[in-house]
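A.B. asks: sharing a sequence plus its predicted fold:
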Amino acid sequence: MKKLENLLKYTTIALGFASSTLFIISYFIFNKLRPKMVRFGVVSPAEESLLNLVGVGLLLFLVFCLLSFLRIAKYLKKARKVSFFSVVLIIAGVLSLLFVFSDIALLNDIGKQYKHGLAQPEWLILYPIMAFQFMTGLALTFSHLFKLKEKDQTKHVARDSNIFLAVQYVGIVCGLMGLFLSSLGFLFPSAWSLTIHTTISSITLLTPYVLAVAYWFITKLQEKNRRWYDEKQMQDIGKSAFLTLIVSVVFMTGLFIANYKNLGGVVSILWLPLYIFLLLFLFSLGNLYFSGDVNKA
Amino acid sequence: MKLGNHLRKYRFEHNEISQQDLANEVGVTRLTIHSVETGKFVPSTLLALKIARFFKAKLEDIFYLTNKERKKK
């Protein structure tokens, strides 16, 4: 078991360094390609093949994020408390993981627009996003090297609360991102696609939450004398569900009234993701709020 | 009327047992013990009895009724 944990630790650290290095290389590749592409100059096949390195870097970063979450979750299970640093890492990690998909979409758009002789404003979004991912990668690697230590953990935790709280943080991030993305549909209704913007994006945004819940589910299955929630968690979930019910009814009624004259418009493909992400956000926020001030506990 | 408790005192008298260890013994999460101890959460009869049994004390020695409102931190 100890060997397996060490293997996981060192693989994650190696991936962290590899993906960070590839982010730096990607920066230089972009600096080489961007001036040519913006001026619609000729990009040689050799230069184009450099983009494969960017793709490999993103793939490594994706695996690195997933392994990092696994290590953080394992650490949190026995951690004395969910520290502020852990919360920041989880939020930044989830955002960076989701941004991998936006990187791919942006690079795809840039390539298409270059081929059709169109401007590529996506470069301006790509740089800050990848800089954020690079910084998150460094912070995660740093935490694997120096922060996630056994001495900050308790020996035995019969019934977990930290993983439950971590799931709520992931739920808040995914819910907020989903609400933001779905709201964009009202700003750009003619460009909104049911398949890409609603279906694929919603599934992508829900993936981190599903993974977090799956991990919590597995830890529960491993528990002796399993009870899904203890009595305080059950009470918090009840309060949170009630809050979610009230706010979501008001919100959905407001959405219906606001779009009353155009219910066949873009709202017809946006109401479901809006509803799902609103529920996710409110329920997670409620659980976290009613569980008390975690950092003081 | 509120439910007060001497949980902290009993923990200290019991080899300064940590909230986590007490939580493990009575089958709840550490946050639940913390919430009971700070008066934010009223435990069920079952949990209160489990805590009393763990400390080998009477229920009313650990928990008591009070008219005082819990001070907000």
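C.D. replies: Great, that's in hand.

A.B. asks: check which helix or strand residue A:203 maps to.
C.D. replies: Residue A:203 is part of helix A:201-222 when elements are defined by DSSP states H and E.

A.B. asks: from the chain's centroid, how far away is that helix?
C.D. replies: In terms of Cα atoms, centre = their mean, to the nearest Å, the centre of helix A:201-222 is set 11 Å apart from its chain centre.

A.B. asks: who touches that helix?
C.D. replies: The set of residues external to helix A:201-222 that reach it, using Cβ atoms under 8 Å, 6 or more residues apart in numbering or on different chains, is A:66, A:69-70, A:73, A:77, A:94, A:97-98, A:101, A:160, A:163-164, A:166-167, A:170-171, A:173-174, A:177-178, A:181-182, A:226, A:228, A:273, A:276-277, A:280. Heads up, the C-betas are built off the backbone N, CA and C, glycines and all.

A.B. asks: what does stretch B:47-62 give?
C.D. replies: With contacts defined as Cβ under 8 Å, 6+ apart, stretch B:47-62 is touched by A:231, B:5-7, B:10, B:14, B:22, B:25-28, B:32, B:36, B:43, B:63.

A.B. asks: need the helices for the chain, in chain order.
C.D. replies: I'll assume chain A. Here chain A has its helices, by DSSP state H, at A:2-38, A:45-49, A:51-78, A:84-115, A:123-142, A:162-187, A:201-222, A:231-258, A:267-290.

A.B. asks: I was after chain B.
C.D. replies: Assignment of helices within chain B using DSSP H yields the ranges B:7-13, B:19-26, B:30-37, B:45-54, B:59-62.

A.B. asks: point out where chain B drops to low pLDDT.
C.D. replies: For chain B, the stretches with pLDDT under 70 are B:68-73.

A.B. asks: let's see 50
C.D. replies: B:72-73 (pLDDT under 50).

A.B. asks: up against chain A, what does it have?
C.D. replies: With Cβ under 8 Å from any Cβ of the partner chain as the criterion, chain B meets chain A at residues B:18, B:20, B:23-24, B:27-32, B:34-35, B:40-41, B:43-44, B:47, B:73.

A.B. asks: are any of those buried, and which?
C.D. replies: Neighbour counting over these (16 or more other Cβ atoms under 10 Å in any protein chain shown) leaves B:20, B:23-24, B:27-32, B:34-35, B:40-41, B:43, B:47 as the buried ones.

A.B. asks: list the contacts for the residue sitting nearest the centre point of chain A?
C.D. replies: Central residue of chain A (Cα atoms, centre = their mean): residue A:94, 2.8 Å from the mean position. Neighbouring residues of residue A:94 by Cβ under 8 Å, 6+ apart: A:170, A:173-174, A:208.

A.B. asks: check residue A:20 too.
C.D. replies: When contacts are counted by Cβ under 8 Å, 6+ apart, residue A:20 is found next to A:134, A:137-138, A:141.

A.B. asks: need the contacts of residue A:94 in a markdown table (columns: neighbour count and pLDDT).
C.D. replies: Formatted as a markdown table, the entries for those read as follows, by neighbours: other Cβ atoms under 10 Å in any protein chain shown; pLDDT from 0 to 100:
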| residue | neighbour count | pLDDT |
| --- | --- | --- |
| A:170 | 24 | 92 |
| A:173 | 24 | 92 |
| A:174 | 25 | 94 |
| A:208 | 23 | 90 |
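
A.B. asks: quick check: domain ranges of chain A?
C.D. replies: Following automatic domain parsing, one gets these domains for chain A: A:1-155, A:158-297.

A.B. asks: re the thing from before, and the furthest pair within the contacts of stretch B:47-62?
C.D. replies: Every pair in the contacts of stretch B:47-62 was compared (Cβ to Cβ); the two farthest apart turn out to be A:231 and B:14, at 22.2 Å.

A.B. asks: neighbour count for these two, which is higher?
C.D. replies: residue A:231 (19 against 14; other Cβ atoms under 10 Å in any protein chain shown).

A.B. asks: in the stretch 1-150 of chain A, which residue sits nearest chain B?
C.D. replies: When distances are taken as Cβ to the nearest Cβ, the stretch 1-150 of chain A approaches chain B most closely through residue A:80, which lies 7.5 Å from it.

A.B. asks: backbone phi and psi for that residue, please?
C.D. replies: phi -60, psi -40 (degrees, to the nearest 10).

A.B. asks: so it makes contact with residue A:149?
C.D. replies: No. If you go by Cβ atoms under 8 Å, residue A:80 and residue A:149 don't touch, sitting 11.7 Å apart.

A.B. asks: more neighbours: those two, which one.
C.D. replies: Each of residue A:80 and residue A:149 has its neighbours counted (other Cβ under 10 Å); residue A:80 has more, 15 against 10.

A.B. asks: off-centre distance for the helix or strand of chain A with the lowest mean pLDDT?
C.D. replies: Least confident element among the helices and strands of chain A, by mean pLDDT, DSSP states H and E: helix A:45-49 (a mean of 84). Helix A:45-49 sits 31 Å away from the centroid of its parent chain (Cα atoms, centre = their mean).

A.B. asks: so where's the stretch 151-297 of chain A shaky on pLDDT?
C.D. replies: When residues are selected by pLDDT under 50, those of the stretch 151-297 of chain A lie in A:294-295, A:297.

A.B. asks: one more pass at 70, please.
C.D. replies: Applying pLDDT under 70 to the stretch 151-297 of chain A flags the ranges A:151-153, A:155-156, A:158, A:293-297.
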